[in-house]
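when you get a sec, could you give me coordinates for this:
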Amino acid sequence: MRRLGLALLVLAMITGCSSSSDDGSSTTAGTTATDGTTGVDGGDATDTGTSGAPDPSGTTHEVTSSDGVMDFSPEDITIAVGDTINFVMSATHNAIEVSKDTYDNRGVTALDGGFQVTFGETKQVTFTEPGVHYYVCTPHVTIDMIGTITVQ
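Numbering: from 1, shown residues only. So this is what the prediction gives:
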């Protein structure tokens, strides 16, 4: 199944079509959203479910979670503008973008316009503006299942 998804992603990149995850969703962080919402550190973010084809010149990275393990892998990552994160969440974990204050206080209030990857979902998020994105697993934030994405 993973090979099929990768093949579809490569095909979409070659033909210039929008890419999507298994459920047809994708996200772009760092671009202007159609509803005008703004993401972290001045970068706008959109989570429309249809936009966000990865930049063909960008690199795709992966952040995963595993049932029974209370960490994202990797927990913190630094990427370049235009790179994509392929989030692969297990059935017991999610990844919700939050503000720095919410992250520091181990809260779970989602950031307006931020990315959200639900339980068991695989979703791509492309980052097109520099800044730091903070995210948490909502049921496990109090035991420090948290992560950061630094876009340079």
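
from here on, just use CA atoms for contacts and neighbour counts.
Noted.

tell me which strands the helix or strand encompassing Thr148 pairs with, and in which orientation.
If you go by DSSP states H and E, Thr148 is part of strand 146-151. Strand pairing for strand 146-151, using DSSP bridges, gives strand 76-79 (parallel), strand 131-136 (antiparallel).

any stretches of this structure with poor pLDDT?
1-57 (pLDDT under 70).

strands of that one, start to end?
Listed in chain order, the strands of the chain (DSSP state E) span residues 26-29, 45-46, 60-64, 76-79, 84-88, 95-98, 116-117, 122-127, 131-136, 146-151.

of all those strands, which lies closest to Thr109?
Among the strands of the chain, strand 95-98 comes nearest to Thr109, with 6.4 Å by Cα to Cα.

picking up where we left off before, which residues touch the strand holding Thr148?
Under the contact criterion Cα atoms under 8 Å, 6 or more residues apart in numbering, strand 146-151 has outside partners 71-72, 74-81, 103, 127, 129-137.

repeat the analysis, applying 10 Å as the threshold.
30, 63, 70-83, 85, 95-97, 100, 103-104, 106, 127-138, 140-141 (Cα atoms under 10 Å, 6 or more residues apart in numbering).

which of these count as buried?
Neighbour-count burial within these applies to 30, 63, 70-73, 77, 79, 81-83, 85, 95-97, 100, 103, 106, 127-138, 140-141; the criterion is 16 or more other Cα atoms under 10 Å.

endpoints of stretch 65-83, how far apart?
Distance between the two ends of stretch 65-83: 20 Å, counting by Cα to Cα, to the nearest Å.

actually stretch 72-92, not the one I typed
Start-to-end, stretch 72-92 (Cα to Cα) is 12 Å.

so Glu75 touches Thr64, yeah?
Yes - with contact defined as Cα atoms under 10 Å, Glu75 reaches Thr64; the gap is 9.1 Å.

quick one on the thing from earlier: turn the strands paired with strand 146-151 into TSV, columns for distance to Gly120.
Shown next, in TSV, are the strands paired with strand 146-151 (distance: least, Cα to Cα, whole Å):
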stretch	distance to Gly120
strand 76-79	20
strand 131-136	15
